[in-house]
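Trainee: Fold the stuff below for me.
(one chain, ligands or ions: 1)
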Amino acid sequence: MSSPNAAGLHDLDASQLRITPTTSLRTVPEPDSAEVWGVKSCTDHMVTVTWTDDYGWHAPEIKPYGPLTLMPTASCLHYATQCFEGMKVYRGFDGRLRLFRPERNCARLVLSSTRVALPAFDPRELEKILKAFLKIDGPRWLPKSRPGTFLYLRPAIIGNGEQLGVTSPSEVLLFIIAVPWPDLSTGSPPGAPPRAPGLKLLASKTETRAWPGGFGYAKVGANYGPAFVSQIEGRKSGYDQILWLLDNQVTEAGASNFFVVWKTKEGKLELVTASLDSKIILDGVTRRSVLELARERLVEGSEHLTSEVKALEVVERTYTIFELEEAWKEGRLVEAFVSGTAYFITPVSAINYRDEDLDIPMGDGTGGHYAGLLKKWLKDIMYGNVEHEWGVVVDEE
Ligand SMILES: *Cc1c(COP(=O)(O)O)cnc(C)c1O
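Mentor: So this is what the prediction gives:
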């Protein structure tokens, strides 16, 4: 039993973890199979942790994967008291299991949780719980015989207190599930025609995803459901994702951050992405990593520069679709790509704005040179081809 904190509540405490192993193992699907593309065949176990307003965080549990029980009055079913994370665990080419900057995801979950009046916790405890979970399900679901594979991890928090009263929930459930996930950045489902490389984006017309004073910076479910209407419209007209505009400002694409490489009118090469300042966009872990790598390696004198990859300036600022359109018209647009855990680094081949398709250069045909290089650098870290502090090893014994 842990002791309560100054507020009389118990903190999230990984040392209290209780483990109930499953007695019936689930079938591990073949990589890239139809089952994997269904993204619902979870691993053998899941994590659950209950929080109540009179106790705080109860002992975390790892138990067999299975249904949750909720009352119809559960807060999350009515008031969107929900938030989540998306991260991956990778089986390295050196045989080891790694998370990518997990402390960032754990900290962001606290930010999202508190934005919708759900409780905070020490993100380091969550990271320990996550590692304990992967120690159990990692070896079987990401066998050493399959280097270069990954599982998608979905930590989530829901208000499950029984209360129809319009107020913050008195009981909360944190859970973590892991699921084999297809390679969305290049592949297509079995039987489907191979996809042309590059995402086609449709700039949002009247709808917007987030706004000043809202919650676009938090990974809360309330940001996603309402966006599906535009997404469906886009898919019907042949576009993969929506490029979300806010009063003509370019923000993000689907559930990914958006980057463009262009030359300024003065001929300066820039890597540009929307700034975090107005709290409209999500502070993506991949976005941050792209910016940090670019600032470190895409500078004059760097060993990484080639005839195609020149030094550039990294710019985080508010910019408009008109600037993008102008750069395109003047032939200054070099490439564009999206970044995120789900789509990783995926080049963008077209942007439809007001019924006009801006075709974006795609380098050698598979994607721009910067996107390709950044993707390689990140992959090398995730799969242990290079030692880097962002690649956090999970002990398996
Ligand atoms: C999750 C997400 C991203 C990407 O964040 P990563 O941490 O890089 O996975 C970007 N935009 C939105 C809206 C998201 O939900």
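
Trainee: Just say helix, strand or coil for residue 156.
Mentor: strand (DSSP: H, G, I helix; E, B strand; the rest coil).

Trainee: How about it: what's its closest non-neighbour residue?
Mentor: residue 84 (4.1 Å; C-beta to C-beta, 6 or more residues apart in numbering). Bear in mind the C-beta positions are built from the backbone N, C-alpha and C, glycine included.

Trainee: any idea how far the one you found is from the ligand?
Mentor: 9 Å (C-beta to the nearest ligand atom, to the nearest Å).

Trainee: And residue 207, by the same measure?
Mentor: 14 Å.

Trainee: do the same with residue 380
Mentor: For residue 380, the distance to the ligand (C-beta to the nearest ligand atom) stands at 17 Å.

Trainee: Leaving out sequence neighbours, find the closest residue to that residue.
Mentor: In this structure, residue 380 finds its nearest non-sequential neighbour in residue 386, 4.7 Å apart by C-beta to C-beta, 6+ apart.

Trainee: Now the one you found. Its backbone dihedrals?
Mentor: phi -130, psi 150 (degrees, to the nearest 10).

Trainee: Give me the mean pLDDT for stretch 245-259.
Mentor: Stretch 245-259 carries an average pLDDT of 97.

Trainee: and it, which residues are buried?
Mentor: Within stretch 245-259, the residues that qualify as buried are 245-246, 249-259, counting by 16 or more other C-beta atoms under 10 Å.

Trainee: ok, and what's touching the lowest-mean-pLDDT helix or strand in the chain?
Mentor: Least confident helix or strand, the chain: helix 34-37 with a mean of 88, by mean pLDDT, DSSP states H and E. Helix 34-37 is contacted by residues 29-30, 41, 180-182, 189-191 when judged by C-beta atoms under 8 Å, 6 or more residues apart in numbering.

Trainee: Could you find the closest non-adjacent residue to residue 194?
Mentor: Closest residue to residue 194 apart from its sequence neighbours, by C-beta to C-beta, 6+ apart: residue 188 at 5.6 Å.

Trainee: And residue 368, by the same measure?
Mentor: Computed as C-beta to C-beta, 6+ apart, the closest residue to residue 368 that is not its neighbour in sequence is residue 335, at 2.8 Å.

Trainee: Sheet partners, orientation included, of whatever helix or strand that neighbour lives in?
Mentor: In the assignment (DSSP states H and E), residue 335 maps to strand 333-340. Strand 333-340 has its sheet partners listed here by DSSP bridges as strand 256-263 (antiparallel), strand 344-353 (antiparallel).

Trainee: follow-up on the earlier one: chain center to the following helix or strand past the least confident helix or strand of the chain: distance?
Mentor: Remark: after helix 34-37, the chain's next helix or strand is strand 45-52, criterion DSSP H and E. Strand 45-52 sits 21 Å away from the centroid of its parent chain (C-alpha atoms, centre = their mean, to the nearest Å).

Trainee: Export only the CA atoms of strand 45-52, formatted as CSV.
Mentor: This file holds the C-alpha atoms of strand 45-52, laid out as CSV (Å, rounded to 0.1, in the frame of the first residue of the first chain):
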residue,chain,number,x,y,z
HIS,A,45,-2.8,-8.2,-22.3
MET,A,46,-3.8,-4.7,-21.5
VAL,A,47,-3.1,-2.2,-18.7
THR,A,48,-5.9,-0.7,-16.6
VAL,A,49,-5.6,1.8,-13.8
THR,A,50,-8.6,3.2,-11.9
TRP,A,51,-8.7,6.7,-10.4
THR,A,52,-11.4,7.8,-8.0
